[in-house]
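Participant: Return a 3D structure for these sequence lines:
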Amino acid sequence: MLKEEFQKASSEINSLTARPSNEDLLQLYSYYKQATDGDITGEKPSGFDFKAIAKYSAWEKLKGMGAEEAMQKYIALVSQLKEKLS
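Facilitator: The predicted structure follows:
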């Protein structure tokens, strides 16, 4: 049931009429990655790839969070964004 809601939310995020803020996009990314891939692995990007560094840092903050909790937070955030941006 939760996985179905998560998949539905993943597809609904693309139907928003306005673009979420960068902060919201980073949260969505990190919850999604934590839910689907678990804890972050690999080394933090270096140099001037600020987008990759921001994504890495956002995901790294969720280290230790379980997949179910990440899915629930992702679904809740998508719901908030749908109300705010649709």
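
Participant: So which bits of stretch 11-26 are buried?
Facilitator: Buried residues in stretch 11-26, counted by 16 or more other CB atoms under 10 Å: 13, 20, 24, 25, 26. In this view, the C-beta of every residue, glycine as well, is placed from N, C-alpha and C.

Participant: what ranges do the helices span in the protein?
Facilitator: In the chain, the helices defined using DSSP state H lie at 2-12, 22-37, 50-60, 67-85.

Participant: any idea how far the residue positioned nearest the centre of the chain lies from residue 78?
Facilitator: Note on the chain: the residue nearest the mean C-alpha position is residue 28, at 2.3 Å, using CA atoms, centre = their mean. Distance, residue 28 to residue 78, using CB to CB, to the nearest Å: 7 Å.

Participant: Confirm for me that residue 20 is in contact with residue 78.
Facilitator: No. Judged on CB atoms under 8 Å, residue 20 makes no contact with residue 78 at a distance of 9.5 Å.

Participant: Common neighbours of those two, please.
Facilitator: residue 28 (CB atoms under 8 Å, 6 or more residues apart in numbering).

Participant: quick revisit: right, so the helices of the chain: which one is the most enclosed?
Facilitator: Mean neighbour count (mean count of other CB atoms under 10 Å) peaks for helix 22-37 among these, with a mean of 18.
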